[in-house]
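*Asks:* would you be able to build a 3D model of this:
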Amino acid sequence: MNNSIIIKSFQNGISVSLDPDIDFQELINEIEEKFQQTGKFFKDAKVALSLTGRNLTDSEEKQIVDAIMHNSSLTIICLVGKDEDNRHFMKSLQKLENRNKANEGQFFRGTLKEGQTLESETSLTIIGDICKGATVMAMKDIIVLGSIYGKAYAGDNGKSGHFIYALEMNPEVLQIGDIKYRPTKSSLWTKKSKNESCIAYVSENKVIMEQVSKDIMNKMQIELEKYEKKI
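*Replies:* This is a model prediction of the structure:
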């Protein structure tokens, strides 16, 4: 084993430095071996993942996430960028998670195909894609470590104080509580941003969809706290 893969930990996450020159399949093999050896060190932690040192496509990022989770007991909540952004992002994410009981939330590993429906009475994390024609419904929040091309309904109890996050957001229908997302010409959700990590939440009785950043996470937290004070 050489040093093509270097793993470092930071608060609430791990950073994996990747050799930019070796073949991608060789890289995957080394990731699998590395996390088989070191995965027990992290136990059952839920972490943010930062990938550095190599330009990656969305498909390659998904393969790396899958390789890590198949060869360790880690749960990767999200992919994030620079360490400074990681800390702010995870602080906001922890505040959101603290709204729920520690034992709430379900995980689903796999891709939902056309005609399939997945429902949850709590929050739901999906490791895979929601294909066009597929439907996901959660009573609380939805986190997709993949792409949303189908229908996603969060806050299925009619309450709008929830959010939907995905690595790629291009849904047929997106709804939080009783409020549907309705894109406008002035929307920040451009064709480019559809291929980037996006988060959707409710503000002023509208679903807002924006690219993930520490500023957006802090803004969303404020909106959810406003909602909680009303109920």
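*Asks:* which residues of the chain fall in helices?
*Replies:* Applying DSSP state H to the chain gives helices spanning 24-42, 58-70, 83-97, 214-230.
*Asks:* mean pLDDT lowest where, among these?
*Replies:* Lowest mean pLDDT within the helices of the chain: helix 83-97, at a mean of 54.
*Asks:* could you break this structure into its assigned domains?
*Replies:* If you go by automatic domain parsing, the domain ranges for the chain are 5-79, 102-230.
*Asks:* show me the contacts for residue 108.
*Replies:* If you count contacts by C-beta atoms under 8 Å, 6 or more residues apart in numbering, residue 108 has them with 118, 124-128. C-betas here are computed from N, CA, C, even on glycine.
*Asks:* tell me the pLDDT of it.
*Replies:* Reading off the confidence values, residue 108 has pLDDT 90.
*Asks:* that one and residue 119, how far apart?
*Replies:* 11 Å (C-beta to C-beta, to the nearest Å).
*Asks:* residue 167 too?
*Replies:* With C-beta to C-beta as the criterion, residue 167 and residue 119 are 22 Å apart.
*Asks:* looking at the domains of the chain, which has the lowest confidence?
*Replies:* domain 102-230 (a mean of 80).
*Asks:* quick one: contacts for residue 138?
*Replies:* Residue 138 touches 119-120, 122-124, 153-156, 162, counting by C-beta under 8 Å, 6+ apart.
*Asks:* quick one: which of those residues is nearest residue 64?
*Replies:* Nearest to residue 64 among those is residue 124, at 22.4 Å by C-beta to C-beta.
*Asks:* isn't that closest one right up against residue 142?
*Replies:* Yes: contact criterion C-beta atoms under 8 Å: residue 124 and residue 142 qualify, at 5.4 Å.
*Asks:* now do the shared contacts for these two.
*Replies:* What both residue 124 and residue 142 touch, as defined by C-beta under 8 Å, 6+ apart, is the set residue 136.
*Asks:* of the two, who's got more company?
*Replies:* A direct count of neighbours by other C-beta atoms under 10 Å for residue 124 and residue 142 places residue 142 higher, at 28 against 24.
*Asks:* residue contacts, that one?
*Replies:* So residue 142 contacts 123-126, 136, 152, 154, 162-165 (C-beta under 8 Å, 6+ apart).
*Asks:* next one: residue 76
*Replies:* Counting by C-beta under 8 Å, 6+ apart, residue 76 has contacts 47-49, 65, 68-69, 145.
*Asks:* closest one of the contacts of residue 138 to residue 54?
*Replies:* Nearest member of these to residue 54, counting by C-beta to C-beta, is residue 124, at 30.6 Å.
*Asks:* just give the nearest non-adjacent residue to that closest one, would you?
*Replies:* Nearest residue to residue 124, sequence neighbours excluded (C-beta to C-beta, 6 or more residues apart in numbering): residue 138, at 4.2 Å.
*Asks:* residue 118 too?
*Replies:* Per C-beta to C-beta, 6+ apart, closest to residue 118 is residue 136, 5.1 Å.
*Asks:* test my guess that the one you found contacts residue 126.
*Replies:* Yes: using C-beta under 8 Å, residue 136 makes contact with residue 126 at a distance of 6.8 Å.
*Asks:* identify the contacts common to the two.
*Replies:* With C-beta under 8 Å, 6+ apart as the test, residue 136 and residue 126 both reach 112, 118, 142, 144.
*Asks:* how about the contacts made by residue 52?
*Replies:* Per C-beta under 8 Å, 6+ apart, neighbours of residue 52: 15-18.
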